[in-house]
Structure formats: structure tokens, C-alpha cells
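Asker: here is the input, now give the coordinates:
(one chain, ligands or ions: 1)
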Amino acid sequence: MSSKTYRVVQWATGGIGQASIRHLVENPSMDLVGVLVTNPDKVGKDVGAIAGVADVGLAATDDRDEIVALDADCVHFAPLVPDIDMVCRLLRSGKNVVSPLGPFHPTEYCRADVEKIEAACQEGGVSFHGSGIHPGYAGDILPLTLARLAGRIDRVRVYEFADFQKHPSPWMERMGFGRDPEELAANPSRPPEVINHFAQSMAMIAEGLGKTIDGLASETEFAIATKDITHAGGVIPAGTVAGQNYAWSALVDGKPLITFHTIWTVGHEDMEPAWERVDGRYRIVVDGDASLELTLDDKATGGNWTAMAGLTAIPAVCAAEPGFVTHLDLGVVQPRGLVR
Ligand SMILES: NC(=O)c1ccc[n+]([C@@H]2O[C@H](COP(=O)([O-])OP(=O)(O)OC[C@H]3O[C@@H](n4cnc5c(N)ncnc54)[C@H](OP(=O)(O)O)[C@@H]3O)[C@@H](O)[C@H]2O)c1
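Answerer: Numbers count the residues shown, from 1 in each chain. Model prediction:
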């Protein structure tokens, strides 16, 4: 594993795919050998230009057969929408796959997909790993790693913070900001089934702690703008939704053991309730004896944690026994080519 160069394909060139290309062309342990695009304007373009860096002498293709026929160790599969049949085809062709779309952990919600993937892995003699920042890191391997420092664990809480005044999004209205709170409650931007996606990470924590989840619970709270709030893309009118707090809990022995909070705001002032202001993107809190807390923040813009969580796992995924592999199978992942 230490001296191998990994031949990697990037599937799709959205935000994550472009960050992946920028990393793969810099990392001496990785060779970017193919890039699949769906956007016709990108077909035939140098993939460096697509990712905003110098040309690398590799043209993007929309030909799936060409990618399947490539000699490659791993595909970083990051399109907008899942395509389990395509993932299985790549696996059967003998390529490992890491993907921020998951699945991440075999729960009832994704069992049928995991079974298909497992069969394709066995046929191709390769492995699949669901990667990413959340699910994939902040709400599974990170709290599990911290758990080793506590003598007793009563509760694990994972907070994800996003301030859209600092990081504008083109999807503000679709996400629920500036909408009437009652209308948003009736037509939520995060439908109830989203909990099942993140519950895969909760199941990984529970399994890592030797427990089984026996139920899920969810609560949503909105913060209302007390006056007009301006952001890069417009204005959140007074009286409309300026903050959203989604709390999803996994129950063990009838009590919440793990809770994931997603706290989205547009700024921090001028809304009610005014939730605690946190400098950081994730906070992990372990309540117990002794309680502990960790805040994860980035020191500069430009990084992409979701891309890196997948790419750094490639050596471990390629070395794993064939099959669907989670963090519980991979253990301590040993990235390659980062120190250079
Ligand atoms: N686990 C995690 O932590 C995590 C975090 C963030 C995102 N994600 C997931 O990762 C995926 C990629 O995220 P992103 O931020 O890179 O998304 P994005 O910027 O919206 O880009 C997605 C890319 O997918 C391709 N695409 C567009 N429409 C498509 C369609 N109908 N079918 C198939 N492909 C299509 C396009 O690729 P081309 O331009 O190359 O044609 C597009 O650029 C998403 O599914 C997202 O939910 C996971």
C-alpha cells in the first residue's frame, strides 16, 4: 500500500468532483485516469479546465462504456443523483468505488442497495465505501473516535452549522429561507425520510458501541426574522424563516442516545429564537463521565471535506477484503500522498 500509485476515475464534476480533480492532479500517490461528465458542454474539455486548474492532458468523456473499460483501481462516484446499477457495473468491472452518495452503513433503509453492492463487489473482487463529511465522517467515525476517551457515555450529539450569510447558496428559497413558517412546516425542505439517510451514521455509532437502535425521533424548530435580513442573494423578510434547526435522534433502550442537529441560519442576529452562535462547522458533544466536546472548523476556504474523506480512504478501500466496507471494517484509514 505504501508505494502504490492508485489509478482513479472521477465520476461527475460538480463541486465535489472538481475539488477531487484538483486534489488528484496534485497527489503523487494518485493518477487521474478518467473523468465522466453528463453536461454536454464539458464533453471533450480538458479536465483541468473544468476544475479551474491548468490543463492536465486528459479529456472529459460522457461515454460510460469507455470508463467501464478503463484499467483503474477506484472510482470516486459523485453525481447529483444515486445510480446503484451504475455503481454495481463499475464494481463488477473490477474497480473499487468510494461515493459520497452512500449507502454508508447497512440499515433497513438501504439494505436492498447494500445487498446489490455486496454481490457486485464479490463478482468484481473489489470493495465499496460510502464516504463524505456527513454522512461519512463528522457523525460516525469522528464521534466513535472520541468515544474512546470517555469512561461512560450517556448521549452523543453532533451539530452541523451553516450560516448562509457567510456562505451564500443559490437555493435559499428552496431550502426554506424567507418562507412562511407554517407553509414551510407543511412542506418541509428536508422531508421526514431524510432522517433515514443520516440514521446510517447513527447506526454505525451504535454498532461501534455495541448497541442497537430501536427507534428514531425527529423535531424541527424555525427561527423567525425580527427584521429584514440581507444576504448575498437577496433579503429574508421580517416574519419569515431565517433559521432552521433539525434534530434527529436515535433511541437505544427507549431513550435518545445519539442526536444529530442541523442548524441553518442566515446570520445570527435579528431572529427569534436566537440560537447559540458557534464558530465552527461541526461540534461533537459526548455527555457522560467525563463529558467532552470537539469543534471542527476550517481555517481557509477552498477545501472540500467531502471530496477528501473519499479520496483519502482509497488506499484502505483498495486493500480491503472484497465487499461493502464501512469505517468499522476499515479501521484507522492511512491516507497516501498528503505529505509532499
Ligand atoms: N456525504 C456527504 O457528506 C455529502 C456532502 C455533500 C454532498 N454529497 C452528495 O454528493 C453528490 C455530489 O455533490 P456536489 O456538491 O458535487 O453536487 P453538484 O455540485 O450539484 O454536482 C453534481 C454533478 O452531478 C452531475 N449531474 C447533474 N445532474 C445530474 C443528473 N440528473 N444525474 C446524474 N448526474 C447529474 C453533474 O456532473 P457534470 O457537471 O460532470 O455533468 C453535476 O455537476 C450529491 O449527490 C450530494 O448529495 C454528500
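
Asker: endpoint to endpoint, stretch 120-134 covers what distance?
Answerer: 25 Å (Cα to Cα, to the nearest Å).

Asker: no wait, stretch 121-140
Answerer: 23 Å.

Asker: ditto for stretch 323-339
Answerer: 29 Å.

Asker: for the stretch 101-250 of the chain, what spans make up the helices?
Answerer: Listed in chain order, the helices of the stretch 101-250 of the chain (DSSP state H, counting those that start in this stretch) span residues 111-124, 141-147, 172-175, 181-186, 194-208.

Asker: show the pLDDT at the nearest residue to Val235 once chain neighbours are set aside.
Answerer: Spatially, and ignoring its direct neighbours in sequence, Val235 is nearest to Asp228 (5.3 Å; Cβ to Cβ, 6 or more residues apart in numbering). Backbone N, C-alpha and C define where each C-beta goes, glycine included. pLDDT recorded at Asp228 is 97.

Asker: neighbours of Asp228, how many?
Answerer: Asp228 has 13 neighbours, counted by other Cβ atoms under 10 Å.

Asker: who in the chain is up against the ligand?
Answerer: By Cβ under 6 Å from any ligand atom, the residues of the chain that approach the ligand are 12-17, 37-39, 42, 78-81, 100-101, 132-136, 306.

Asker: show me those residues that map onto strands.
Answerer: Among the residues of the chain next to the ligand, no residue falls in strands (DSSP state E).

Asker: just the buried ones from these?
Answerer: Buried by 16 or more other Cβ atoms under 10 Å: 12-13, 16-17, 37, 42, 78-79, 100-101, 132-136, 306, out of the residues of the chain next to the ligand.

Asker: specify the local secondary structure of Val285.
Answerer: strand (DSSP: H, G, I helix; E, B strand; the rest coil).

Asker: hmm, Ala238 and the residue nearest to Val235 touching each other?
Answerer: Yes. With contacts counted by Cβ atoms under 8 Å, Asp228 reaches Ala238, the gap being 5.4 Å.

Asker: residues in contact with Gly234?
Answerer: For Gly234, the contacting residues are Met172, Gly178, by Cβ atoms under 8 Å, 6 or more residues apart in numbering.

Asker: please shift the residue numbers so they start at 31 in all later answers.
Answerer: Done: numbering now begins at 31, and the last item shifts to Gly264.

Asker: bridged to it, which residues?
Answerer: His261 (DSSP bridges).

Asker: how about Tyr36?
Answerer: Per DSSP bridges, the residues bridged to Tyr36 are Met60.

Asker: burial of it, as a residue count?
Answerer: Tyr36: 23 neighbours (other Cβ under 10 Å).

Asker: got the contact list for it?
Answerer: Contacts for Tyr36 (Cβ under 8 Å, 6+ apart) come out as Ser59, Met60, Asp61, Asp103, Cys104, Ile344, Pro345, Cys348, Arg366.
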